[in-house]
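Engineer: take a look and give me a structure for this.
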Amino acid sequence: MQYDNIKLIILDRDGVINEDSDQYIKSPKEWHAISGSLEAIAKLNKTGYKVVVATNQSGIARNFLTVNILSAIHKKMQNKLAKSGGHIDDIFYCPHHPDDNCMCRKPNPKMLLDILNKYNINANKCLLIGDSLKDIHVAKKIGCKVILVKTGKGNKTLREYSHELKNIPIFENLAEAVNFILN
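Structural biologist: Numbers count the residues shown, from 1 in each chain. Just a heads-up that it's a prediction; the model follows:
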């Protein structure tokens, strides 16, 4: 099977786990899970996968939220996941503005390379699930497998960049992607 050797699954957050917003997720109150996503993560946990979030959070640099508010959002996410029997093993984020030209903001590879280094896992044993071209590009840069979901920016990504998505598995949402991985 295509995913037999996968040990680590990296998830983008906004648009994959929770509803995305062009106005940014600026408070725990604004964080709402996408239907089925929490249960999907719990399924991954129960089958032995490490699950890590890698998320660009330029809202911090734009002063829409603070690191403390981001931590509160992530605490809400973890609490909701726990009620579904799941958890996120780790959360990595880039707080920088796109104009900062940092190396950790996807599609640059540093955030994902830091994850692989921390978990001592080769890229070929890793799968990234995202909703944007940035997710596709960073996965290809580091050599890990990638899946696109249509939630969040996924449908827009599919419409605008279909020529770049050849041989990329595409699913309606995280729940469908996880069912495919596990079956």
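
Engineer: all strands for this protein, in order.
Structural biologist: Residue ranges of the strands in the chain, as given by DSSP state E, are 8-11, 50-56, 90-94, 126-130, 145-149, 170-171.

Engineer: let me have those in TSV, extended by mean pLDDT and distance to residue 79.
Structural biologist: The way it works is simple: take the backbone N, C-alpha and C, and place the C-beta from them, glycine included. Shown next, in TSV, are those (pLDDT from 0 to 100; distance: least, CB to CB, whole Å):
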stretch	mean pLDDT	distance to residue 79
strand 8-11	98	17
strand 50-56	98	15
strand 90-94	98	14
strand 126-130	98	22
strand 145-149	98	23
strand 170-171	98	26
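
Engineer: of the ones you listed, which is nearest residue 82?
Structural biologist: Of all the strands of the chain, strand 50-56 sits nearest to residue 82, with 13.2 Å by CB to CB.

Engineer: same list (the strands of the chain) but as JSON lines, adding distance to residue 183.
Structural biologist: Rendered in JSON lines, the data for these read as follows (distance: least, CB to CB, whole Å):
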{"stretch": "strand 8-11", "distance to residue 183": "15"}
{"stretch": "strand 50-56", "distance to residue 183": "18"}
{"stretch": "strand 90-94", "distance to residue 183": "26"}
{"stretch": "strand 126-130", "distance to residue 183": "15"}
{"stretch": "strand 145-149", "distance to residue 183": "14"}
{"stretch": "strand 170-171", "distance to residue 183": "12"}
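
Engineer: for residue 104, which of those strands is the nearest?
Structural biologist: Sorting the strands of the chain by CB to CB, the top spot, which is the nearest, belongs to strand 90-94 at 4.4 Å.

Engineer: who's in contact with the closest one?
Structural biologist: The contact list for strand 90-94, computed with CB atoms under 8 Å, 6 or more residues apart in numbering, reads 13, 50, 52-58, 70, 74, 102, 104-106, 111, 114-115, 118.

Engineer: again with stretch 14-33
Structural biologist: The set of residues external to stretch 14-33 that reach it, using CB under 8 Å, 6+ apart, is 11, 34, 37-38, 41, 53, 55, 59, 62, 64-65, 69, 72-73, 75-77, 80, 129-132, 149, 151-154, 174.

Engineer: restricted to buried residues, select the contacts of strand 90-94 in PyMOL.
Structural biologist: Here is the PyMOL command that selects the buried residues among these (16 or more other CB atoms under 10 Å):
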select buried, resi 13+50+52+53+54+55+56+57+58+70+74+104+105+106+111+115
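
Engineer: list the buried ones in the helix ranked longest in the chain?
Structural biologist: Looking across the chain with DSSP state H, the single longest helix is helix 67-83. Along helix 67-83, these residues count as buried under the neighbour rule (16+ other CB under 10 Å): 69, 70, 72, 73, 74, 76, 77, 80, 81.
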